[in-house]
Every structure is written in structure tokens, then in C-alpha cells.
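Participant: Have a look at this prediction, sequence included:
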Amino acid sequence: MGFVAIDRAMLGIPPEVIAKDNDRLMEAHLADYAALAARLARENIDIEDIVAKVMALEVGLPSWGMVSGGTRFARFPLPGEPADVYEKIEDCSVVHQLTGLTPRVSLHFPWDKTDDYVALRQFGEAHGIGFDAINSNTFQDQAGQKRSYKFGSLSHSQAQTRQQAIEHNLQCIDIGHQLGSKAITVWIGDGSNFPGQSEFTDTLERYLDSLRAIYRHLPHDWRLFIEHKMYEPAFYSTVIQDWGTSILCAQTLGEKAQCLVDLGHHAPNVNIEMIVARLAQFGKLGGFHFNDSKYGDDDLDSGSINPFQLFLVFNELVSAEIRGKGGFRPSYMMDQSHNVTDPIESLLNSARAIAGSYAKALIVDRLALKGYQADNDVIMAHNCLRLAFETDVRPALAMARVRHGGAIDPIACYRASSYRALKAEVRHYNPNLGGGIV
């Protein structure tokens, strides 16, 4: 990972707990792995190639996803959930320890503000955790804030409010530089709730002027991710409402500006996999936030509602990976809200869904698929994808985890460790039942 050696004394799950749980499952796991290897070999696919690529896959964790989420109505805290950024990193390290997939955490400011970022970086490194894209927050008013974002931030009608939002983003970049991050994600809730409230063109011009100031502050090896969202908290119009506006802004700003795609930020029934293909084709797919949804921006566990869509997204990502020949390097992260589950268990499930979709996309017979497409053989082209999607790749995922030092069955191992119950004994329980994502 490029970080200092992990202090094994600080690991959340004792290695002997993982070893014991793996021992009881190893015989069946090896038999399943051999069966899958034989199945893939008939298609001239080496299972070891798939395992190696899955082991190389990295997905960031959201700091805000380590606590119980909520809605407009209520939040139900979980005993033992983290109360500060250090405890969030502890929980992140457990997810990475069990899966080997999540070596970085994405922090959100000022939610994750602390006094000493050098110490925070060292704490993360000791737990095997680095730092992903930094997230700024200009969609909420914070304690002591001079100017309100009620009517916008980077696109606000008043220059003083825009400058306040710009300065916050610059501070986030400086913090990220101390932490070793290489990107900042900018999502704004700016927009309007009534026709006539704002001029569409003026708000976008002001947004671009603000982003230019932020862009100029980027270190030479950083990227700026522009995140779009169709609606909420603005319900009539949103300044950065779709991928079209996002890519236009990214192209206007320059090479280091790219687009970030969140699965829940689109109109219902939008073909998200095509958006991924388009952005990748023009070199502007900078990052991807994995979650799932039934109705809107639900932030549900990845693959829990529409696993076929997740696979189709990864089918396009793998195609771009092949075309890019090493130059395609999007930043992957989970962006989820866990309202009724233990966040660690939800993230473990999501990690399996994401890695599984990637592995299935890797075994698509692309040569055959191209032939069927050229011949307009619709059924066989479709079946090329269905065959890969319906393949049970769990033994390959388990092998990747085992070789990372993780668990064959992450959730079973996590529960056997009693990690959450132990943390509930030493962490401060927050009885606050107010609404909100965190």
C-alpha cells in the first residue's frame, strides 16, 4: 500500500480469531476454489489471474459511513459506534483487515476536524489505513460560520459567501496534503426550489469562477472531482445536476478536473453504465461512489437492490481499463448510509458485492462478445454478459481475502470477534436521535 508497517498490536480483530475462523472453513473453501478453477479453465480463464486482479482492486471507505445513518425523521445510534475520526479509522481498519480491499478512508470536513493531522496520518498508517479523496462541506452551516449557505455556496449571489466557501475548500486541500491524499471531491447542494429564484446561467458562471480559484490551489499531482446530483436539497433546479454539466465544467477547468459518478445521483431508470462509458471514453471519469437505491439517493448497501446494474457498471469499467492500458485510474469509494445495520457488516457485504462484480466483469469473453456484436447476434451477445454475471465467483473472492490475511467469511469472523460489543464497553454512547445522515 505504500504506508508504514502495520502495528499488529493495534489491529481491531486479533489475527488468531481470523485464523481460527478460516481453519473451520478452509477445507470446503479449497474444494470450492478447485471447482471454480476447473470451471473457468474450460473457458481458457486462469483463476489465478482473476484472484491477482481482485487483490489489486482498492476501494475507499467513507468516514461518515462508519456511524449509523439517518433520515429526515430520526437516527438510531448503535452502541459502540465511533465518536470521532480516530475511532472511525479503527473501524475502517477492521473492514480492511477482513477484506483486504479497503486500504483508505475518505474524510469529510469539518465533520472529521482534528487538531493534529500529522498525528492522524500516523494513527492511520499504524492501522494500515491511508487517506482517499478529501470531501468539503458547503451544503451545511457550521457553528461559528459567518455567512449562511441557505441560498448556495460556490454559486451564491454574494461574493463574500462564495469566498467563504472557496476558502473552506482551500483549507481542505491543505489538510489533505498533510494526510497524503491526492484529490478533493466537491459536491454542492446549490440550486433553487422555485422557478425564478435564480438565473441558471449566472449560477453556473459563479460556480465556475469559484472552482477556478480552488483549481489553482491544487498540488501538481492532485485531481479535483466534480460530483453531480440531480436533486436535493434543491428540488427545482440544481447547479451541477447531471453528468453533462459535470463534464462541461471539468473540460472548462483543465486536465486535473474530472467527474465523479454516484450511483444514486441520477434520474430514475437512467443508463448509468453508459454514462460511465462516455466519461471514461473522454478521459473524464475521475471517481465512482458505490451504493444502491430503490427510489432516489437512498445510499443503500452496494449490490443490495440491483446487482446486475453494478455488474454492468463494472463491465464498462473493465472495458475502459483494458483500453487504457494502465492509464485508467479512477478512484473507487463506497458512499453509503447504514440506518438499521451495523455499518461494518454493511461495508463488508458491499465489499463482497463490489469485488464480485469486478471479478465477473473480468471473466466476460470479450473476444466472443465483439464477434457477436459485429454479427448483430443479440441473444448471444447478451448471454455473454449473463454467463459471467451468473457465475459464482465467491471462491475467488475468498482466496483473494485469505491471501491478504483476511477472512473466508468476513461477517462470521467479525461476529465471532465480538468487536462491536467490546467497543460498546469503552466508547461513549451517543443517545442523540436527531435526523441527518450523520
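Facilitator: The structure has been received and is ready for your questions.
Participant: And for Val118, the neighbour number?
Facilitator: 9 (other Cβ atoms under 10 Å). Yep, even glycine has a C-beta here, placed from its N, CA and C like the rest.
Participant: Show me what the helix or strand that it is a member of packs onto, helices and strands only.
Facilitator: Here Val118 sits within helix 117-126, counting by DSSP states H and E. Here helix 117-126 touches helix 85-99, strand 130-131, helix 159-179, going by 3 or more Cβ pairs under 8 Å, 6 or more residues apart in numbering; DSSP states H and E.
Participant: For it, list every residue counted as buried.
Facilitator: 117, 120-121, 123-126 (16 or more other Cβ atoms under 10 Å).
Participant: between those, which is nearest Asn383?
Facilitator: Lowest distance from Asn383 to the buried residues of helix 117-126 (Cβ to Cβ) belongs to Gly124, with 45.1 Å.
Participant: Who are the contact partners of the nearest residue to the closest one once chain neighbours are set aside?
Facilitator: Of all residues beyond its chain neighbours, the one nearest Gly124 is Ile89 (5.3 Å), with distances taken as Cβ to Cβ, 6 or more residues apart in numbering. Shown in contact with Ile89 (Cβ atoms under 8 Å, 6 or more residues apart in numbering): 105, 120, 123-124, 127, 129.
Participant: Which one of these is nearest to Phe200?
Facilitator: Val105 (36.2 Å).
Participant: Next, count neighbours for Tyr380.
Facilitator: Not quite, residue 380 is Met, not Tyr. Met380, neighbours per other Cβ under 10 Å, totals 14.
Participant: any idea how far it lies from Ser192?
Facilitator: 49 Å (Cβ to Cβ, to the nearest Å).
Participant: How about Gly80?
Facilitator: Taking Cβ to Cβ, one finds Gly80 at 42 Å from Ser192.
Participant: I figured Tyr117 was touching Leu179, is that so?
Facilitator: Yes - here Tyr117 reaches Leu179: they are 5.7 Å apart, a contact under Cβ atoms under 8 Å.
Participant: ends of stretch 191-208, how far apart?
Facilitator: 14 Å (Cα to Cα, to the nearest Å).
Participant: just stretch 253-264 next, same as before
Facilitator: End to end - Cα to Cα - stretch 253-264 spans 25 Å.
Participant: Buried residues, it. List them.
Facilitator: Those buried within stretch 253-264 under the rule 16+ other Cβ under 10 Å are 253, 256-264.
Participant: Take the residues you listed and keep only those in strands.
Facilitator: Among the buried residues of stretch 253-264, the members falling in strands (DSSP state E) are 257-262.
Participant: Closest one to Pro14 out of the residues you listed, please.
Facilitator: Asp262 (35.7 Å).
Participant: quick one, what contacts that closest one?
Facilitator: 227, 229, 288-289, 291, 297, 335.
Participant: rerun that using 7 Å as the cut-off
Facilitator: Counting by Cβ atoms under 7 Å, 6 or more residues apart in numbering, Asp262 makes contact with 227, 229, 289, 335.
Participant: What confidence value was assigned to Ile89?
Facilitator: pLDDT, Ile89: 98.
Participant: Surely Gly264 and Asp297 touch.
Facilitator: Yes - here Gly264 reaches Asp297: they are 3.9 Å apart, a contact under Cβ atoms under 7 Å.
Participant: where does the chain dip in pLDDT?
Facilitator: Applying pLDDT under 70 to the chain flags residues 1-10, 430-438.
Participant: mind checking the longest helix of it?
Facilitator: helix 15-41 (DSSP state H).
Participant: Name the residues of that helix that are buried.
Facilitator: Buried residues in helix 15-41 (16+ other Cβ under 10 Å): 17-18, 21-22, 25, 29, 32-33, 36-37, 40.
Participant: Stretch 385-405 too?
Facilitator: Quick answer for stretch 385-405 (16+ other Cβ under 10 Å): 385, 387-389, 391, 393-402, 404-405.
Participant: what do you get for stretch 208-225?
Facilitator: Neighbour-count burial for stretch 208-225 [16+ other Cβ under 10 Å]: 208, 210-211, 213-215, 217-218, 222-225.
Participant: if you look at the residues you listed, which of them are in strands?
Facilitator: Reading strands off those with DSSP E, I get 223-225.
Participant: What is the nearest of the residues you listed to Trp187?
Facilitator: Using Cβ to Cβ, those come closest to Trp187 at Phe225, 8.7 Å.
Participant: Dig out what the closest one forms beta bridges with.
Facilitator: On the basis of DSSP bridges, Phe225 is bridged to Thr185, Gln258.
Participant: what residues are up against it?
Facilitator: Phe225 sits next to 133, 183, 185-186, 258, 260, 286-287 when contact means Cβ under 7 Å, 6+ apart.
Participant: Same list (those residues) but as CSV, adding distance to Ala143.
Facilitator: Formatted as CSV, these follow (distance: Cβ to Cβ, whole Å):
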residue, distance to Ala143
Ala133, 25
Ala183, 27
Thr185, 23
Val186, 22
Gln258, 33
Leu260, 28
Gly286, 32
Gly287, 30
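Participant: which of these tops the neighbour count?
Facilitator: Neighbour max across the contacts of Phe225 (other Cβ under 10 Å) = Leu260, 29 neighbours.
Participant: Let me see the contact set for that one.
Facilitator: Leu260 touches 185, 225-227, 286-287, 289, counting by Cβ under 7 Å, 6+ apart.
Participant: Let's see that with 6 Å instead.
Facilitator: 185, 225, 227, 286-287 (Cβ atoms under 6 Å, 6 or more residues apart in numbering).
Participant: ok, it to Gly244 distance?
Facilitator: 14 Å.
Participant: What of Lys113?
Facilitator: Lys113 is 34 Å from Gly244, by Cβ to Cβ.
Participant: same check, this time on Asn169
Facilitator: Distance from Asn169 to Gly244, by Cβ to Cβ: 23 Å.
Participant: Pro14 now?
Facilitator: For Pro14, the distance to Gly244 - Cβ to Cβ - is 50 Å.
Participant: now do the same end-to-end measure for stretch 144-152.
Facilitator: Start-to-end, stretch 144-152 (Cα to Cα) is 18 Å.
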